[in-house]
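Chemist: need a structure here:
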Amino acid sequence: MTERNGHRPYRCPVEVRKMDVEFLRPIKDSSAPIEVETTVLRLGTSSFTVRQTILDRDSVVCAVADTVLVGFDPETDMSQPLTDEVRAVLDRHRAVTPTG
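Modeler: A predicted model of the protein is given here:
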C-alpha cells in the first residue's frame, strides 16, 4: 500500500479477502478518461474495507467495488494486525458517516 500527494510510501503487505463489484454501465473507450475514487469504509484491527467508485468522463458512476483487505505476514502466511502508522493513513481516507 502506498500513498501519494507528497506523502512518503507506506509498506503494508495485504491480501484480498473478499471483493464485490457491481457494474452499472459499460466502460468503453469513449468513457475515458475514467476516474477512480477510493474511500475506506471500515477499519478493523487486522483488516479494512475500501470502496472504489469508477466514474466515466461525464462523472457518471459505471461501477462500485467493495473490497476487504487483510494485513498479512508473508513469512508465516498468517494475518497480522495493521500497524498504527498504516491505520493512521487509512483513517485519513475514511468515509464520513452522518451522525443521527
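
Chemist: from here on, contacts and neighbour counts on C-alpha atoms
Modeler: Noted.

Chemist: how near is the nearest residue to residue 72 once chain neighbours are set aside to residue 33?
Modeler: Nearest residue to residue 72, sequence neighbours excluded (C-alpha to C-alpha, 6 or more residues apart in numbering): residue 79, at 4.4 Å. Counting by C-alpha to C-alpha, to the nearest Å, the gap from residue 79 to residue 33 is 36 Å.

Chemist: These two: who's more crowded?
Modeler: residue 79 (16 against 12; other C-alpha atoms under 10 Å).

Chemist: Now for the more buried one: which residues touch it?
Modeler: Contacts for residue 79 (C-alpha atoms under 8 Å, 6 or more residues apart in numbering) come out as 46, 70, 71, 72, 73.

Chemist: for residue 50, same thing?
Modeler: 38, 39, 40, 41, 42, 66, 67, 68, 69.

Chemist: Surely residue 70 is in contact with residue 15?
Modeler: Yes. In this structure, residue 70 is within contact of residue 15 by C-alpha atoms under 8 Å, at 5.4 Å.

Chemist: Which one's more surrounded, these two?
Modeler: residue 70 (24 against 15).
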